[in-house]
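Student: Need a 3D model of the sequence below.
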Amino acid sequence: MLLSTLALALPLLAAAQGTWPTDLVGTWSTKSNSTLTGPAFYDPLNDKLLEPALTGISYSFTADGHFEEAYYRAVANPQNPACPSGIMQWQHGAFEQNTNGSLTLTPIAVDGRQLLSSPCDYDKSVYTRYNQSEQFLRYSAYTDPYHNIPRLDLYKFDGSPMNPMYLALTPPQMLPTTTLNPTTVASTSTPTSTSTTRKPKQRRDLPLTWAASAQAGETVLYHINAERLWWVGLAMTGVGGLLYLGPRRMGVQL
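Tutor: Residues are numbered from 1 along each chain as shown. A predicted model of the protein is given here:
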């Protein structure tokens, strides 16, 4: 009787606590396969983000409920397509699959980092902490019929799909899953004191390019390649022209 009761209770307990699906385990990356989680994207010892060769998105998941994500994106500028912005984001933490099949990602709040660069508007990039919990309505992991490799489709909280990702590494390539940049230290005012002192939110103005830093005599912590962003903007302008002129050449009124 006791064994049968335990057999019924264990699945309910697991459902209440959430699960960690094994088909998510590994490091996944978008098609460029250039942006990957791990030490090649974020250096916690020197507290700096490392720019990949190409834009992209990467997620890593472990079998015991840890995740890490890396984003490197170019953001279009509708008013001036030749001047896009660049943004890099990194965070890690815990994840679980809920009873309705959705995924909840809860980052370690003090560890996340974001670098925003807008070279046509500002001389320096802005480096801040980043903390954004995520909810995916559902996911699908399967073998891509065209590339014949494992593929991961994540669907945002509203059901819209993200760019497909493909399995790049297994086991996953990740930094340590514990807190890397704690911001609280125990007070030493009295031996019995339990109060803590919190450092202010980290925010640095970083030189946009090595050349600008050298002229200012500063130490570069990180930069996003402005020339690369310019080429991305030029490509966006070209694609926009094709989308506008192509239908008109065929007699289609827009």
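Student: beta partners of the residue nearest to L36 when sequence neighbours are not counted?
Tutor: Spatial nearest neighbour of L36, chain neighbours left out: S58 (4.9 Å); criterion: CB to CB, 6 or more residues apart in numbering. Glycine gets a C-beta too; all of them are placed from N, C-alpha and C. Beta-bridge partners recorded for S58 (DSSP bridges): S29, A70.
Student: For S58, the count of nearby residues, please.
Tutor: 29 (other CB atoms under 10 Å).
Student: correct me, but it touches K31?
Tutor: No. Using CB atoms under 8 Å, S58 makes no contact with K31, being 11.5 Å away.
Student: Show the low-confidence segments of the stretch 151-254 of the chain, by residue range.
Tutor: 184-254 (pLDDT under 70).
Student: any idea how far the nearest residue to P161 once chain neighbours are set aside is from I108?
Tutor: Nearest residue to P161, sequence neighbours excluded (CB to CB, 6+ apart): Y155, at 5.4 Å. Computed as CB to CB, to the nearest Å, the Y155 to I108 distance reads 24 Å.
Student: if we can go back for a sec, might you report the residue contacts of the residue nearest to P161?
Tutor: Residues near Y155 by CB atoms under 8 Å, 6 or more residues apart in numbering: F136, L137, R138, Y139, P161, M162.
Student: The same query, at a cut-off of 10 Å, please.
Tutor: S102, L103, F136, L137, R138, Y139, S140, P161, M162 (CB atoms under 10 Å, 6 or more residues apart in numbering).
Student: Which secondary structure state does it sit in?
Tutor: strand (DSSP: H, G, I helix; E, B strand; the rest coil).
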